[in-house]
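Asks: Could you look at this predicted model? Sequence included:
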Amino acid sequence: MSYPPEISARLGASRAGQIGLAPARSRTLRSVGVRDNLHFVLTAILTAALLPALYSLGLPLKFNWKLLLGFYWPSLATQSLFAAVLLYLAAVPQRSFGPWWERHRQQKARLGILAILALPASLLLGPAKGLLVTVVTIAVLEFIEQERTTGQTRKKIFDILVPAAYLFLGFVLVFAYNDVIAAVRFYGAYDEVFNRMDARLLFGATMPEIAHAALRILPTWVYKVLEFFYYGMFAQIGGGLVISALCFGRKAGFRFAGTIMVAYYLALALFFLWPSQGPFYLCAHHFAEFPRQLQTYGYQKQFLINVKQIWEHRAISQINTDYYIAFPCMHIAQPLIVLWFLRHWKRMVGILLAYDVIMVVAILLLEWHYAVDLIGGVLVAGLAILMVNSGSFSFGRKREQSA
């Protein structure tokens, strides 16, 4: 695996053209003070306060680990690795896929083994999931083969897994405090406010009006495509973490995870101040007109049932993966953070930008967020990047001047 040419000189790789999977140790990866470790401090505080907060509000001290672990590690991890592979292939195809194909073309037995692997995966999981698992398996085997000579395979794996586990802890905290806030603040208190703000931004129109006008024109299959882009957003987060940790080491992986987590912590604070659910909550005709066959229909309906139950202090059995925060839009904040961390790879950025443009349409037409939520997401992303990455800005400038 290799650095793209535009980043090799800028980042001072130990060997030109090598991703290192032995990254150059530089000032950008060293802690430069409390500010760069703020995410650790905030996570420690929130972790220590969680059980007392749940207990005081009568919320269960039990989590849906089956769903949390079952989705985050097997499913999301596989999707994240797949996204990382696709992004890397797109960034440097001549140094990744080309050499791989030439080697396997000369050793045709390898291609036969891969075909044997792909067939049962497709039969058991279906064509799409089978392809995903096959590509990830090939990438992992290729990584192990390349790193075997360096003796750093285990280290590189832990460079990814440890920050990933830390990010998982952050998600667990967000899901829990999401319920804590819903128990003390009315969950839809500011929906009318944000809807009126939208009307000013959109020249008198509102997102429910725009979304339902689109419903009358667009076929259902368009919304299924939009759902694919909306729910696929999490794979690019995991892919960004994999690439950051693999290229620049564990500290960079922690900084990536920490930036995402700080953005979520800011979102929790804003949810406490201005709680809202999104246009689907405010729209009186949403569930009467929205296609029932879409996943989004079921999710939104169940979310409103669950959040109402928490607000009314009716007993819930466990902390689940429900997420009730409309403002700010984290479906914008997180991709922006990914773009910032992968900003040196122009092709990766181009692909992600194209994906994210479609995702913005999905966010709005699926009625998850107001237009003003998008603005809030942009601001939260920028603030989180500034709060966690102060040491890397000066480093980047110095490297560019010396390159």
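Replies: Cool, got the structure.
Asks: what does the average pLDDT come to for stretch 240-257?
Replies: In this model, stretch 240-257 has an average pLDDT of 93.
Asks: okay, it in PDB with CA atoms only?
Replies: Below are the C-alpha coordinates for stretch 240-257, written out as PDB (Å, rounded to 0.1, in the frame of the first residue of the first chain):
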ATOM      1  CA  GLY A 240     -12.000   7.200   7.800                       C
ATOM      2  CA  LEU A 241     -10.900   5.700  11.100                       C
ATOM      3  CA  VAL A 242      -9.300   2.700   9.400                       C
ATOM      4  CA  ILE A 243      -7.300   4.800   6.900                       C
ATOM      5  CA  SER A 244      -6.300   7.400   9.600                       C
ATOM      6  CA  ALA A 245      -5.000   4.800  12.000                       C
ATOM      7  CA  LEU A 246      -3.400   2.600   9.400                       C
ATOM      8  CA  CYS A 247      -1.500   5.500   7.700                       C
ATOM      9  CA  PHE A 248      -0.600   7.600  10.700                       C
ATOM     10  CA  GLY A 249      -0.800   5.400  13.700                       C
ATOM     11  CA  ARG A 250      -2.800   4.900  16.900                       C
ATOM     12  CA  LYS A 251      -2.600   8.500  18.100                       C
ATOM     13  CA  ALA A 252      -4.200   9.700  14.800                       C
ATOM     14  CA  GLY A 253      -6.900   7.000  15.200                       C
ATOM     15  CA  PHE A 254      -7.600   8.300  18.700                       C
ATOM     16  CA  ARG A 255      -7.700  11.800  17.400                       C
ATOM     17  CA  PHE A 256     -10.200  10.800  14.700                       C
ATOM     18  CA  ALA A 257     -12.400   9.000  17.200                       C
END
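Asks: List the residue ranges of the protein that fall below the pLDDT cut-off.
Replies: 1-36, 72, 93-127, 130, 132, 141, 144-145, 147-151, 391-403 (pLDDT under 70).
Asks: Which segments of it make up each domain?
Replies: By the assignment in automatic domain parsing, the chain contains the domains 34-63+153-402, 81-151.
Asks: Could you point out which of those sits nearest residue 69?
Replies: Taking Cβ to Cβ, domain 34-63+153-402 is the member of the domains of the chain nearest to residue 69, at 8.6 Å. C-beta: built from backbone N, CA, C; applies to glycine.
Asks: Pull the distance from the closest one to the chain's centre.
Replies: 8 Å (Cα atoms, centre = their mean, to the nearest Å).
Asks: how much space between the nearest residue in space to residue 234 that is not next to it in sequence and residue 371?
Replies: Nearest-residue entry for residue 234: residue 76, 5.9 Å, with adjacent residues in sequence omitted and distances by Cβ to Cβ, 6 or more residues apart in numbering. Using Cβ to Cβ, to the nearest Å, we find residue 76 at a distance of 28 Å from residue 371.
Asks: Show me which of the two is the more surrounded one.
Replies: When residue 76 and residue 371 are compared for neighbours, residue 371 comes out ahead with 23 against 18, by other Cβ atoms under 10 Å.
Asks: okay but that one is in contact with residue 360, surely?
Replies: No - assessed by Cβ atoms under 8 Å, residue 371 is found out of contact with residue 360, at 9.9 Å.
Asks: Quick check: what element follows the longest helix that the chain contains along the chain?
Replies: Longest among the helix segments of the chain by residue count, using DSSP state H, is helix 153-184. The helix or strand immediately downstream of helix 153-184 is helix 191-201, counting by DSSP states H and E.
Asks: Show me what counts as buried in that next one.
Replies: 191, 194-195, 197-199, 201 (16 or more other Cβ atoms under 10 Å).
Asks: Tabulate the domains of the chain (a markdown table), appending distance to residue 71.
Replies: Below are the domains of the chain laid out as a markdown table (distance: least, Cβ to Cβ, whole Å):
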| stretch | distance to residue 71 |
| --- | --- |
| domain 34-63+153-402 | 7 |
| domain 81-151 | 14 |
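Asks: if I pick the spatially most central residue of the chain, what's in contact with it?
Replies: With distances taken as Cα atoms, centre = their mean, the chain has residue 237 as the residue nearest its mean C-alpha position (3.0 Å). Neighbouring residues of residue 237 by Cβ atoms under 8 Å, 6 or more residues apart in numbering: 80, 260, 334-335, 338.
Asks: Please repeat the previous calculation with a cut-off of 7 Å.
Replies: Residues in contact with residue 237 (Cβ atoms under 7 Å, 6 or more residues apart in numbering) are 260, 334, 338.
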